[in-house]
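Participant: Turn this into a structure:
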Amino acid sequence: MSTSIERTFKDHFSSHAASYAAYRPRYPVALFHWLAVVAPGTVQAWDAGTGNGQVALGLVTRFSRVRATDASAEQIAQAVPHPRISYAVAQYESGLEGRSADLVTAGQALHWFDADAFCGEACRVLRPGGILAVFGYKYSTVAPEVDELVRHHLEMRLGQYWPPEHRTINDEYRGIALPIDELVPPPLELREDWSLAQYIGFLRTWSGTRRFIEARGEEPILEFERALTEAWGASTRRAVRWELFVRAGEVR
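Facilitator: Numbers count the residues shown, from 1 in each chain. Below is the predicted model of the structure:
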């Protein structure tokens, strides 16, 4: 790995860390079960880009110790404490000893990373047979009339306001070289039973939404939310789903 990696932190979420903690969907239990099965052990895991600790809290149900790091102090401040999770503000430095981790994860975060820096640290801390797993989600599914409106909003209204790194989500991180022998994950999805207010809260956590409001103001977003309210209909709550994509495997 290069020794001249630029460690810069492009912070799109610290300013609304509390909203991120409240309105992001939870990862499925089946994901953490599968990761525990394919890892060579369940003693130590490191979750990089942990945000408010969603992945870390899932990992600790199957791993004895979890190291959870994020470059945003504001995000770490929103994390739920747990006696077996060690949180730290750090970008790519895990703070773990070499060859001490069974698993390294990054959930909905790899596109913000310097992949060389992250993978270099992952390779250092993973023990032989250790697993590197990165995963994320793209489009939500609610109902055709809602999905069409949200997709148009995401691509057309917010299109130019998405940070360039966001494009790597669209190809499910396939454009990022990872030093792994890939496994085939089972089908996985995130599921939430949300009110309209919760769903709107989720859409407002998007980096594209935040950048749009900074540039254009809030009225176009409010206009979209009025249309979304009409499409949502009279239902108090709706099932919201996201297909989860996973790239995981033993490091080479």
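
Participant: What values do phi and psi take at Ala143?
Facilitator: Backbone torsions of Ala143, given as degrees, to the nearest 10, read phi -160, psi 150.

Participant: For the closest residue to it other than its chain neighbours, pull up the helix or strand it's in.
Facilitator: Distances taken as Cβ to Cβ, 6 or more residues apart in numbering place Arg238 nearest to Ala143, at 6.8 Å, with adjacent residues excluded. Where you see a C-beta, it was placed from the backbone N, CA and C, and this is true even at glycine. For Arg238, the enclosing helix or strand under DSSP states H and E is strand 237-251.

Participant: Identify the neighbouring strands of that strand in the sheet and state each direction.
Facilitator: strand 126-141 (antiparallel), strand 180-182 (antiparallel), strand 188-195 (antiparallel) (DSSP bridges).

Participant: And that strand, what's buried?
Facilitator: 238, 240, 242, 244-251 (16 or more other Cβ atoms under 10 Å).

Participant: what's the pLDDT at His12?
Facilitator: The model reports His12 with a pLDDT of 42.

Participant: Next, the angle from the helix or strand encompassing Arg124 to strand 237-251.
Facilitator: Assigned by DSSP H and E, Arg124 belongs to helix 115-125. Interaxial angle, helix 115-125 versus strand 237-251 (axes from the mean of the first three to the mean of the last three Cα atoms, to 10 degrees): 70 degrees.

Participant: Any chance you could list what contacts helix 115-125?
Facilitator: By Cβ atoms under 8 Å, 6 or more residues apart in numbering, the residues outside helix 115-125 that reach it are 1-2, 5, 7, 46, 48, 91-94, 96-101, 104, 106, 110, 132, 176-179, 251.

Participant: For those residues, which ChimeraX command selects only the ones that are buried?
Facilitator: If you want just the buried ones from the contacts of helix 115-125 in ChimeraX, going by 16+ other Cβ under 10 Å, the selection is:
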select :46,48,91,92,94,96,100,101,104,106,110,132,176,178,251
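
Participant: list the contacts for the residue nearest to Ala143?
Facilitator: Residues near Arg238 by Cβ under 8 Å, 6+ apart: 142-143, 146, 193-194, 196, 199, 232.

Participant: what about burial for those residues, which qualify?
Facilitator: The buried subset of the contacts of Arg238 (16+ other Cβ under 10 Å) comprises 142, 146, 194, 196, 199, 232.

Participant: shouldn't the fourth one be in contact with Thr229?
Facilitator: Read it as Leu196. Yes - under the criterion of Cβ atoms under 8 Å, Leu196 makes contact with Thr229 at 6.3 Å.

Participant: my guess is Val26 is in a helix, correct?
Facilitator: Heads up, residue 26 is Arg, not Val. No - counting by DSSP: H, G, I helix; E, B strand; the rest coil, Arg26 is located in no helix; its state is coil.

Participant: Count the residues that sit near the nearest residue to it once chain neighbours are set aside.
Facilitator: Residue nearest to Arg26 in three dimensions, not counting chain neighbours: Gln54, with 6.3 Å by Cβ to Cβ, 6+ apart. If you count neighbours by other Cβ atoms under 10 Å, Gln54 ends up with 21.

Participant: Nothing else from me, thank you.
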